[in-house]
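[1] Quick one: sequence and predicted model below, then my questions.
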Amino acid sequence: MDYEHTPVMLKETLKMLNPEPGQKFIDCTLGGGGYTKEILERIGETGQVLGIDLDDLAIANAELNFTTEIKNKKLILAHENFKNLPVIAKRYFTADAKFDGIVFDLGLSSAQLQDRRRGFSFNLPDAPLGMNFGDSIKETAENIINSWSIQDLAKIFKDYGEEKFAYKIALAIASERRLKRVTTVGQLVEIIAKASPKRIKIHPATKIFQALRLAVNQELENLRTILPLAVSLLKPGGKLIVVSYHSLEDRIVKQYFKQESKDCLCPPAAPICVCGHKANLKILTHKILRPTREEVLINPRSSSARLRAAGKI
């Protein structure tokens with residue numbers, strides 16, 4: 001299948017990164033290669049991009065569309081989980097290599113939503129309940145739905161999906177799975193719909209599917225882990241760009257940027273600093289950037305995007 005994905009806030013990202021000839025960048029969520037394509041056009045013959053994606057479709061698509069750049073080693077592809085970024089960078093560059101910019105786009109691509117193998121979309125009722133970004137992730141939404149306790153299901157629905165009716169939906173799932181194993185998107189959507197209020201603004205399965213995807217892929221845990229590791233790979237003046245799509249991701253990025261832009265993390269009541277912490281980031285987006293109205297009209301899926309950027313001191 002063709003790998004479809006429209007890069008969100010591309011102009012804003014490029015303005016922040018400001019790629020120049022000879023520079024090196026990392027695209028930690030390669031997807032359809034939208035950011036990478038534009039960066040490659042600006043870094044000349046001596047610049048390089050390391051493109052990382054856990055999705056085999058994204059890597060296969062890039063191999064088709066960037067044959068010359070790959071051959072000339074301007075683009076290096078890594079079929080990996082970005083949580084292993086330092087190991088990946090060391091494998092393809094020198095051990096002390098530093099980069100001019102690193103970008104994360106944490107959203108799902110259109111290709112992933114349309115892939116019936118994954119079960120990301122509640123509009124594909126016959127799809128299996130996988131929801132993993134790549135074959136190396138062995139957890140599945142099916143396993144979570146059929147084996148986790150009611151309390152654990154309710155917790156991820158509430159914490160990861162911010163679902164008001166988390167416990168009621170978890171109870172409904174547990175009741176149904178005692179009769180028959182829940183294996184398809186359609187089965188799960190039907191259970192959720194019956195347990196949810198009739199009048200809600202969004203599809204009743206939206207938040208539950210979000211929660212399951214985050215749990216299967218450990219997305220929030222990986223984001224917390226990777227932010228300091230990414231900063232350690234930046235040159236002084238290098239930029240870190242993160243595009244997130246819901247409040248949980250954005251909160252992690254916001255808090256990390258705020259923490260790392262301060263010289264002291266001691267409690268306000270402390271008479272002197274004893275932590276010894278030194279700021280290593282300068283926040284470049286004191287208010288989050290949102291897509292323009294024109295972009296949302298062209299790409300409605302961009303409407304929830306939030307962009308934050310920081311520079312390495």
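    Cool, the structure landed. Predicted model, so just to flag it, every value in this text is computed and none were measured.
[2] For the rest of this, base every contact and every neighbour count on C-alpha atoms.
    Will do.
[3] Which residue is the nearest non-sequential neighbour of the spatially most central residue of the chain?
    Nearest to the geometric centre of the chain sits Leu106, at 2.1 Å (CA atoms, centre = their mean). The shortest distance from Leu106 to any non-neighbouring residue, by CA to CA, 6 or more residues apart in numbering, is to Ser244 (5.2 Å).
[4] Now do that neighbour, the pLDDT please.
    Looking at Ser244, its pLDDT reads 96.
[5] Over to Arg116?
    Listed pLDDT for Arg116 reads 85.
[6] which SS class is it?
    Put simply, Arg116 is coil when judged by DSSP: H, G, I helix; E, B strand; the rest coil.
[7] Kindly confirm whether my reading is correct that it touches Asn123.
    No - Arg116 is not in contact with Asn123 according to CA atoms under 8 Å; the separation is 10.1 Å.
[8] more neighbours, these two?
    More neighbours surround Arg116 than the other of Arg116 and Asn123, with 18 against 13 (other CA atoms under 10 Å).
[9] how about that one, what does it touch?
    Neighbouring residues of Arg116 by CA atoms under 8 Å, 6 or more residues apart in numbering: 124, 127-128.
[10] out of the residues you listed, which are buried?
    Among these, those buried by neighbour count (16 or more other CA atoms under 10 Å) are 124, 127-128.
[11] Now flag whichever of the residues you listed is closest to Arg308.
    Of all the buried ones among the contacts of Arg116, Arg308 sits closest to Leu124, with 32.6 Å by CA to CA.
[12] May I have the predicted confidence score for the closest one?
    Leu124 is assigned 92 on the pLDDT scale.
[13] Wait, a strand at it?
    No - counting by three-state DSSP, Leu124 is not found in a strand; it is coil.
[14] what's the spacing between it and Lys24?
    Counting by CA to CA, to the nearest Å, the separation of Leu124 from Lys24 is 40 Å.
[15] again with Pro228
    With the distance defined as CA to CA, Pro228 ends up 19 Å from Lys24.
[16] Tell me which stretches of this protein form strands.
    Assigned by DSSP state E, the strands in the chain fall at 24-27, 48-52, 75-78, 99-105, 234-244, 281-283, 306-312.
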